[in-house]
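1. need a structure here:
(one chain, ligands or ions: 1)
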Amino acid sequence: MDVRIFNSADELADAAAQLFIETINQKNDAVLGLATGASPVPTYKRLIEAYKAGKVSFKDVKTFNLDEYCDLPKNDRNSYYTFMHEQLFDHVDIKEENVNFLDGNAADWQAESKRYSEAMAKVGGIDIQLLGIGTNGHIGFNEPADEFTDESFKVTLTQSTIDSNQKYFGDTPMPRYALTMGIGSIMRAKKILLIATGESKAKAIAGMLSGEVTPRLPASVLNNHADAVIMLDKAAASII
Ligand code: F6R
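-> Modelled structure (predicted):
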């Protein structure tokens, strides 16, 4: 793994955005795997600025998001569909038909998983996958488990994830289930960029970088990827 440590979250976001801009400028119809949550927001802000400055265009770019909550309307203010539109898509020239999400309300999640895998394969797979990391080491919503998963599946969110994300839902209880790309789908990306900032991620990062690959710490699987870049701020790297 190519580990890069930055003085600040701002410097990290500059570098993360730059990697995406380079990828798109080398391949105008690049396929991006995208993440939600707090970590990528500064990176998305810089991608919007770069688009507005004429430095990058999303005209032919295709995107696949990692995950989506179940039992939440697509346009709910807390859906990841809404999040991505507010944080990135509504501010750049991406075409809505090139934006892909798992449907958290699909009646048959297995059929939905198959549809998503086929859609990814049809466009030649993901060129660069952006990941955050949970305090418990999850990537996407692949929570610590006994085995690594492969294709997308329906997951029961752990209490740690609920504790981290309930704040976005205020007094309304947040969903207990989500559809997520599996570890296999994530690992098939040609390049992976995991970003982590803040002390709360330090333990998961130290575990991931210890070298042991275990589904108890899902992000540790990235040790087996041929082209994984890990960008950390000093706080996230504080105990490696
Ligand atoms: C989001 C996702 C999650 C987050 C992780 C970190 O699509 O798949 O794995 O990346 O929970 O979340 P933040 O960035 O909010 O700390």
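
2. for the rest of this, base every contact and every neighbour count on C-alpha atoms.
-> Fine.

3. who's in contact with stretch 155-175?
-> Outside stretch 155-175, the residues that touch it by CA atoms under 8 Å, 6 or more residues apart in numbering are 69-72, 78, 134-136, 141-143, 176-180.

4. over to stretch 21-38?
-> Against stretch 21-38 from outside (CA under 8 Å, 6+ apart): 47, 55-67, 80, 83-84, 123, 125-132, 140, 189.

5. what residues sit buried inside that stretch?
-> By 16 or more other CA atoms under 10 Å, the buried positions in stretch 21-38 come out as 21, 23-24, 28-37.

6. can you pull out the strands in this protein?
-> With DSSP state E, the ranges of strands along the chain come out as 2-6, 31-34, 62-65, 67-69, 99-100, 128-131, 153-156, 177-180, 191-196, 228-233.

7. in its sheet, what does the fourth one sit against?
-> Pointing back at strand 67-69 there. Partners of strand 67-69 in the sheet, by DSSP bridges, are strand 177-180 (antiparallel).

8. contact partners of the strand it pairs with?
-> Identification of contacts with strand 177-180 by CA under 8 Å, 6+ apart yields 66-71, 102-104, 109, 140-142, 152-157.

9. that strand close to the ligand?
-> No. Applying CA under 6 Å from any ligand atom, one finds strand 177-180 out of contact with the ligand, separated by at least 7.6 Å.

10. give the buried residues for that strand.
-> Of the residues in strand 177-180, 177, 178, 179, 180 count as buried by neighbour count, 16+ other CA under 10 Å.

11. I'd like the distance from it to the chain centre, please.
-> Taking CA atoms, centre = their mean, to the nearest Å, one finds the center of strand 177-180 at 13 Å from the center of the full chain.

12. up against the ligand, what does this structure have?
-> 35-39, 66-67, 131-134, 138-141.

13. and the gap between the residue of the chain positioned farthest from its centre and residue 211?
-> Outermost residue of the chain with respect to the C-alpha centroid, by CA atoms, centre = their mean, is residue 171; its distance is 25.8 Å. For residue 171, the distance to residue 211 equals 40 Å [CA to CA, to the nearest Å].

14. equivalent analysis for residue 35, please.
-> Counting by CA to CA, the gap from residue 35 to residue 211 is 24 Å.

15. with residue 41 instead?
-> Distance from residue 41 to residue 211, by CA to CA: 29 Å.

16. what does residue 61 give?
-> Using CA to CA, residue 61 is found at 34 Å from residue 211.

17. repeat for residue 219
-> From residue 219 to residue 211 the distance is 11 Å (CA to CA).

18. before we move on, what about residue 81?
-> Distance of residue 81 to residue 211, computed by CA to CA: 34 Å.

19. again, but for residue 177
-> Distance of residue 177 to residue 211, given as CA to CA: 30 Å.

20. can you show me the helices along this structure?
-> In the chain, the helices defined using DSSP state H lie at 9-26, 41-52, 80-87, 109-122, 159-165, 183-187, 202-209.

21. okay, those helices in a markdown table with distance to residue 224 and mean pLDDT next?
-> Listed next are the helices of the chain as a markdown table, based on distance: least, CA to CA, whole Å; pLDDT from 0 to 100:
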| stretch | distance to residue 224 | mean pLDDT |
| --- | --- | --- |
| helix 9-26 | 21 | 98 |
| helix 41-52 | 25 | 98 |
| helix 80-87 | 28 | 98 |
| helix 109-122 | 21 | 98 |
| helix 159-165 | 25 | 91 |
| helix 183-187 | 9 | 98 |
| helix 202-209 | 11 | 98 |
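
22. make JSON lines out of the ones you listed and add distance to residue 98.
-> Output for the helices of the chain, formatted as JSON lines (distance: least, CA to CA, whole Å):
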{"stretch": "helix 9-26", "distance to residue 98": "14"}
{"stretch": "helix 41-52", "distance to residue 98": "17"}
{"stretch": "helix 80-87", "distance to residue 98": "13"}
{"stretch": "helix 109-122", "distance to residue 98": "11"}
{"stretch": "helix 159-165", "distance to residue 98": "27"}
{"stretch": "helix 183-187", "distance to residue 98": "19"}
{"stretch": "helix 202-209", "distance to residue 98": "33"}
